[in-house]
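Undergrad: below are the sequence and a predicted model; questions follow.
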Amino acid sequence: MAHTVAVIVGSLRKESFSLKVAKALARIAPPSLELEVVTLHGLSFFNQDLEAAPPADWVSFRETLQKSDAVLFVTPEYNRSIPGVLKNAIDVGSRPYGKSSFNGRPIGIVSNSPGPLGGVCAAMNLKQILPGYVGPILQQPEIYLTGVGDAFDDKGNLIKEALEKVLKQYIDAFAAWVDSHKK
């Protein structure tokens with residue numbers, strides 16, 4: 001039986017590279033993984049005052065995480081960090097205190113950029129803020145995708161063979177990681 005992976009896309013842009021990378025990963029994932037791409041459109045801002053009766057979008061997002069066996073973050077870098085929408089999703093999913101929907105689930109991080117740094121700061125920022133309310137984070141291999149601006153055709157298909165090879169190596173390593181941390 002395949003492990004279900006919630007792939008959280010850290011960008012709202014309709015043609016985001018992160019969304020394209022997430023979909024490419026879903027296409028090349030080994031049979032042991034079933035990737036569900038999760039966009040953050042419509043996820044309302046976290047406000048602890050609402051926790052007594054959480055909004056339906058929070059409940060739905062948390063249930064998606066709770067049904068998954070693992071979580072994979074695919075994110076761009078905004079101003080040397082993660083996008084605000086991704087931080088909000090982490091806040092929503094990690095609450096209420098002591099009941100994080102991420103808890104115990106193996107975690108992977110894929111950052112990307114059309115530039116030369118590949119979102120390194122975003123990935124490092126995630127590695128700083130996630131421990132404590134998520135499961136084990138895959139440390140090796142690390143993946144910081146550079147030059148993704150020309151990696152996809154106008155239909156969103158991955159056309160850069162070198163990038164596909166790197167993605168395949170990563171998703172295979174992530175599959176082994178998830179399998180070694182079965183619930």
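TA: Alright, I've got the coordinates. Residues are numbered from 1 along each chain as shown.

Undergrad: contacting residues for the most centrally placed residue in the chain?
TA: Closest to where the C-alpha atoms of the chain average out (Cα atoms, centre = their mean) is Phe73, at 1.4 Å. Phe73 makes contact with 8, 10, 86, 107-110, 126, according to Cβ atoms under 8 Å, 6 or more residues apart in numbering. Quick note: C-beta positions are derived from backbone N, CA and C, even for glycine.

Undergrad: Glu36 pairs with what?
TA: On DSSP bridges, the residues paired with Glu36 through beta bridges are Ala6.

Undergrad: distance of it relative to Lys23?
TA: Per Cβ to Cβ, to the nearest Å, Glu36 is found 11 Å from Lys23.

Undergrad: who has more neighbours out of these two?
TA: Per other Cβ atoms under 10 Å, whichever of Glu36 and Lys23 has more neighbours is Lys23, with 18 against 15.

Undergrad: can you tell me the helix or strand for the more buried one?
TA: Secondary structure assignment for Lys23, by DSSP states H and E: helix 17-28.

Undergrad: again with Phe61
TA: helix 56-67.

Undergrad: quick one, helices of the protein?
TA: Counting by DSSP state H, the chain has helices at residues 17-28, 56-67, 84-93, 120-129, 161-180.

Undergrad: good, wrapping up.
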